[in-house]
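Student: From the sequence below, what's the structure:
(one chain, ligands or ions: 1)
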Amino acid sequence: MPAVRVAAERARVPVAVHLDHGSSLEAAVQGIRLGFNGVMVDASTQPLAENIARTRAVAEMAHACGVPAEGELGYVAGVEGEDADRHPGEVIYTAPEEAERYVRETGVDFLAVSIGTVHGRMRGEPRLDFDRLAAIRARVSVPLVIHGGTGLSDAQFRRLIDHGVAKINYYTALADAAGAAIRGNAQAVDRGSYTDLVRGSQDAICAEVERCVALWGGAGQAEAVLAACRPWREVEHLIFYNTRDLPEDQSRAMMAEGRRVLSAIPGVRRVVTGTSVADGAPYRHCWAVRFSHPAVIDSYRDHPDHQAFANGLFRPLAADRITIDFQHVLD
Ligand SMILES: [Zn+2]
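Tutor: Predicted structure coming up:
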């Protein structure tokens, strides 16, 4: 994730780093801690009421961290990157009236729907239920998501987008493009090393991404998107403090407890504790708590674990303190 985040920050086009098929609330919390700025919760194998309850819990947590949430209703069978007929799970189509209730009760920001695609490689062109997609579109206003985009025709992609699909998951075709490049290398050389074999595989992925970006209408849109979006900026929550007559080992124990408790709060990316290098510094100790987003300033302050630690342990020992929230400034 650190490498992914750096690559996203360096890009001149807007990049979302999205957790795909998060399996639980804990997975979504962990994903946001690692730096994802979008999360999907997939409880689509559960009955509707359970799917709604699990998805709502993730969406509420994510929104308190400034992160949008994607939910899935209906079931898209298959496994990314594999032949679909090896995983013949039953496709469950999304019911439009359930979609309306699901979006209203969960508060999701994007809805993944099941209208005939499957994860992985299909034989022949899949048949898509566009009437169903139109009925879903008529009942929900959030952007729609298609999982299992591999193998659809250009005309099918255009029609999906015309029906309100704004995100298409497209892994298998990209993995296959790299696989084809590697197979070609293997046939061309007798004894290829790893570097001989993978040569050109990144270019093969790039070529297919470029084709899709153009086909799906994304080409040349970066500037307009950036103008409509707020930049993704983390916040440093800094506390400088002095403790009166507190033995060093108790001070360290309090810091260790704080790192343990506070780093588990949703939206906290990491907690660092420190002690001043110079003896005469106006404040002897420091907490540096990194938030994923400015929204965490409020949700962290009100979180019961933070309240318990701050009121029960920290504040009575550190009456002399200042707290400042700094937002990162990047050019
Ligand atoms: Zn998927």
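Student: quick one, what contacts residue 283?
Tutor: 240-242, 276, 320-322 (Cβ atoms under 8 Å, 6 or more residues apart in numbering). To be clear about C-beta, it is placed using only N, CA and C from the backbone, and glycine gets the same treatment.
Student: Please flag which of these sit within strands.
Tutor: 240-242, 320-322 (DSSP state E).
Student: Of the contacts of residue 283, grab the buried ones for ChimeraX.
Tutor: Selection of buried members from the contacts of residue 283 for ChimeraX, criterion 16 or more other Cβ atoms under 10 Å:
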select :240,241,242,321
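Student: from the contacts of residue 283, which is closest to the ion?
Tutor: Checking those against the ion by Cβ to the ion gives residue 240 as the nearest, at 45.6 Å.
Student: Verify the stated contact: that closest one with residue 318.
Tutor: No - checked against Cβ atoms under 8 Å, the pair residue 240 and residue 318 is beyond contact range at 9.6 Å.
Student: any common contacting residues for these two?
Tutor: Common neighbours of residue 240 and residue 318 (Cβ under 8 Å, 6+ apart) are residue 285.
Student: Please report how far residue 102 lies from the ion.
Tutor: Noted for residue 102: a distance of 17 Å to the ion, by Cβ to the ion, to the nearest Å.
Student: can you give me the helices in the stretch 201-331 of the chain?
Tutor: Taking DSSP state H, counting those that start in this stretch, the helices of the stretch 201-331 of the chain run over residues 201-215, 222-228, 248-262, 296-302, 304-309, 315-317.
Student: ranking the ones you listed by burial, who's on top?
Tutor: helix 296-302 (a mean of 17; mean count of other Cβ atoms under 10 Å).
Student: Who are the packing partners of that one?
Tutor: helix 48-64, strand 235-242, strand 285-291 (3 or more Cβ pairs under 8 Å, 6 or more residues apart in numbering; DSSP states H and E).
Student: Distance to the ion and mean pLDDT added to the ones you listed, as JSON lines?
Tutor: Formatted as JSON lines, the helices and strands packed on helix 296-302 follow (distance: least, Cβ to the ion, whole Å; pLDDT from 0 to 100):
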{"stretch": "helix 48-64", "distance to the ion": "15", "mean pLDDT": "97"}
{"stretch": "strand 235-242", "distance to the ion": "31", "mean pLDDT": "97"}
{"stretch": "strand 285-291", "distance to the ion": "29", "mean pLDDT": "97"}
